[in-house]
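> This is a predicted model, with the sequence first.
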Amino acid sequence: MSKKLVIQNNNCLKIRSLLIKSLYNAGSGHPGSSLSLIEILYYIYRNEKNFKLILSKGHGVPGQYAVMRFFKELDNKNFNNLRKINSKAQGHPDKRNFKKIDASTGALGQGLSIAIGYAMAKEYLKKKGYVYCVLGDGELQEGQIWESLMFLNSNYLKKLIIIVDYNKFQNEDLISKTLPMPMIEEKWKSFGFKVFRTNGHNLNNLDKTINKVKKTKKPSVIIADTIKGKGISFMENSGHWHSAKITRNFYLKALEELNVKKK
Ligand SMILES: Cc1ncc(C[n+]2csc(CCOP(=O)(O)OP(=O)(O)O)c2C)c(N)n1
Ligand SMILES: [Mg+2]
């Protein structure tokens, strides 16, 4: 692995430590859902300028706050107030509270429609930068998503980059056990999309795939294979950690793992 990528991976470890501290401090929240997003969000903040980011699976926003904190785009006071009463950093993103949060999400299914609006505006106004929309795989079951795909099939938007956090879980259980969604690639293809598949925790793969999407002149989606709870062994692929209070013992265990891996 190149030195540059090792440094970037260490940054994602630091971001995971920030995330775990904020969730421990909050006493509630969505650890597993946030952990699967870290490399995807880190990539966007690290490499893009003038971007819009619609985190359609809004319950993963503690992951976004941690990335924003790492890049000093969120101050410590707000960051440490996650999910507190009257705090700006609520458990789901609120556009009214931060200039750099582009959409209030949490009601699943709506983010892609919002992203379409931003992408149309960027193109029409000839603005720089891309509009990223990050969707959950369980979220794809919302009907509004497929309405958006029908629209995109006949209205290609060159500024839009769609990434699915394909962690195979929805809520506390596997999608295959909750409401199975077989042939995910074929579903997108049937709406006229070019499907790119990548490892959502590998920054190099993300980089290659996102650059391919930018060069593809037709509606595209990146299905990013991820692990719910990625980076903390006892949270990985565990339904319990979809949304759970991190007690002191688990907090210390999680930090220990992140520190051990740092060496
Ligand atoms: C419209 C709507 N219905 C239900 C919920 C409750 N809900 C919160 S998270 C979640 C699971 C979503 O699955 P996925 O998008 O795969 O996210 P992950 O569990 O992987 O974080 C659900 C159903 C919601 N937030 N919005
Ligand atoms: Mg999921």
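Noted; the coordinates are in hand. Numbers count the residues shown, from 1 in each chain. Ligands and ions are numbered 1, 2, ... in the order given.

> C-alpha from now on. contacts and neighbour counts both.
Fine.

> Quick one: residues contacting the residue lying closest to residue 170 once chain neighbours are set aside.
Among residues not flanking residue 170 along the chain, residue 138 sits closest, at 4.9 Å (Cα to Cα, 6 or more residues apart in numbering). Counting by Cα atoms under 8 Å, 6 or more residues apart in numbering, residue 138 makes contact with 168-170, 175.

> Now, the residues you listed that are in strands?
Using DSSP state E, the subset of the contacts of residue 138 located in strands is 169-170.

> out of the contacts of residue 138, who has the most neighbours?
residue 169 (25 neighbours; other Cα atoms under 10 Å).

> Hmm, residue 229 and it touching each other?
No: checked against Cα atoms under 8 Å, the pair residue 169 and residue 229 is beyond contact range at 10.4 Å.

> quick one: common contacting residues for those two?
residue 237.

> can you pull out the strands in the stretch 151-263 of the chain?
For the stretch 151-263 of the chain, the strands defined by DSSP state E, counting those that start in this stretch cover 160-166, 169-170, 173-174, 194-199, 220-225.

> Output these in JSON lines; the columns should cover mean pLDDT.
Output for those, formatted as JSON lines (pLDDT from 0 to 100):
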{"stretch": "strand 160-166", "mean pLDDT": "99"}
{"stretch": "strand 169-170", "mean pLDDT": "98"}
{"stretch": "strand 173-174", "mean pLDDT": "98"}
{"stretch": "strand 194-199", "mean pLDDT": "98"}
{"stretch": "strand 220-225", "mean pLDDT": "98"}
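
> who wins for proximity to ligand 1 among these?
strand 169-170 (3.5 Å; Cα to the nearest ligand atom).

> Spell out which parts of this protein neighbour ligand 2.
Proximity of the chain to ligand 2 (Cα under 5 Å from the ion) is limited to residues 136-138, 167, 169-170.

> Need the residues you listed in TSV (columns: distance to residue 147).
Converted to TSV, the residues of the chain next to ligand 2 look like this (distance: Cα to Cα, whole Å):
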residue	distance to residue 147
136	16
137	16
138	16
167	23
169	23
170	21
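
> returning to that earlier point: distance to residue 23 added to the strands of the stretch 151-263 of the chain, as a markdown table?
Formatted as a markdown table, the strands of the stretch 151-263 of the chain follow (distance: least, Cα to Cα, whole Å):
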| stretch | distance to residue 23 |
| --- | --- |
| strand 160-166 | 20 |
| strand 169-170 | 20 |
| strand 173-174 | 21 |
| strand 194-199 | 26 |
| strand 220-225 | 24 |
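
> count of neighbours near residue 172?
Residues near residue 172, counting by other Cα under 10 Å: 15.

> what pLDDT does the residue nearest to it when sequence neighbours are not counted get?
Leaving aside its chain neighbours, residue 172 sits nearest to residue 239 (3.9 Å; criterion: Cα to Cα, 6+ apart). Note for residue 239: predicted pLDDT of 97.

> just for the stretch 151-263 of the chain, where's the confidence low?
260-263 (pLDDT under 70).

> Which positions in it make contact with ligand 1?
167, 169-171 (Cα under 6 Å from any ligand atom).

> so which of the residues of the chain next to ligand 2 comes closest to residue 204?
The nearest member of these to residue 204, counting by Cα to Cα, is residue 167 at 18.8 Å.

> For the residue nearest to residue 172, give me its contacts.
For residue 239, the contacting residues are 169, 171-174, by Cα under 8 Å, 6+ apart.

> Distance check, the closest residue to residue 75 other than its chain neighbours against residue 19.
In this structure, residue 75 finds its nearest non-sequential neighbour in residue 69, 6.6 Å apart by Cα to Cα, 6+ apart. Separation of residue 69 from residue 19 (Cα to Cα, to the nearest Å): 9 Å.

> again with residue 226
In terms of Cα to Cα, residue 226 sits 17 Å off from residue 19.

> cool, and residue 233?
Applying Cα to Cα, the value for residue 233 to residue 19 is 15 Å.
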